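K.L.:
Quick one, what's the 3D model for this:
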Amino acid sequence: MQNGGQEVRPFYTPDDIPAVLQAFKRVNYGVRTELGNGVAFTFLTSDVAEGVLDGVVCVILMTALVVILDRILRRTAVTVQSLAGALSAYLIIGMFFASLYGLMDAFTAGPFFASGEAANARSFQYFSYTTLTTLGYGDYTAALFPGRSIATFEALVGQVFLAVLVARLVAAFHGRSEAIMPPKEDGA
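P.N.:
Next up, the predicted model:
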């Protein structure tokens, strides 16, 4: 597309989604392996190093979330790209909270989950997405008050995100359909 003689590239196309997901995997893997093996695990205990790495991942995910939401909210029309961006943002929110739970687990005493099960990245992701979607099977529950507070906040963020984003997309779609459809004439 051209905009004042300048090439304008769409936010991203559906064909870009696998590449975006691979980039997130590479960043997460790179932070956890290269940074972890090279720096964090050399000078810190294993638990503290994992917590530091989870904190770095939180920062990266929050940055990506802000960039994606900025681009979605700047669009005036609903497109496949804006819908894919909204889905990506929702999934990144879940990954952010999973890393935040890992960070909390590394710096708090005792087990993170009330059942006493060992906490790892998979269990944090499972717990995060069941909380974000308010599905809540109940097989994992945060043991301590800080974890419960963050889980409650995550559930609220998930619901508010969906309500606000869907309202924004519907408003953009409704405005676009009004601009396309001619007004009805009385007396016809």
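
K.L.:
all strands for this protein, in order.
P.N.:
For the chain, applying DSSP state E gives strands covering 2-3, 6-7.

K.L.:
Grab the longest helix from the protein for me.
P.N.:
helix 145-180 (DSSP state H).

K.L.:
Run through the protein and note the low-pLDDT ranges.
P.N.:
1-44, 174-184, 186-188 (pLDDT under 70).

K.L.:
switch to 50 and redo it
P.N.:
By pLDDT under 50, the low-scoring segments of the chain are 1-3, 8, 36.

K.L.:
Number of residues surrounding Ala109?
P.N.:
For Ala109, the neighbour count with other C-beta atoms under 10 Å is 5. No exception for glycine: its C-beta is placed from N, CA and C like everyone else's.

K.L.:
Check Ala121 too.
P.N.:
Ala121, neighbours per other C-beta under 10 Å, totals 16.

K.L.:
The one 5 residues further on too?
P.N.:
The burial metric for Tyr126, expressed as a neighbour count using other C-beta under 10 Å, is 16.

K.L.:
so who does it touch?
P.N.:
Tyr126 makes contacts with Tyr140, as judged by C-beta atoms under 8 Å, 6 or more residues apart in numbering.

K.L.:
Can you give me the buried ones in stretch 83-90?
P.N.:
The neighbour-count criterion (16 or more other C-beta atoms under 10 Å) identifies Ala84, Gly85, Ala86, Ser88, Ala89, Tyr90 as the buried residues of stretch 83-90.

K.L.:
out of those residues, which one sits closest to Val66?
P.N.:
Val66 lies nearest to Ala89 out of those, by C-beta to C-beta, at 9.5 Å.

K.L.:
Wait, the closest one touches Asp70, no?
P.N.:
No - counting by C-beta atoms under 8 Å, Ala89 does not reach Asp70; the two are 10.2 Å apart.

K.L.:
Phe161 and Arg168, how far apart?
P.N.:
11 Å (C-beta to C-beta, to the nearest Å).
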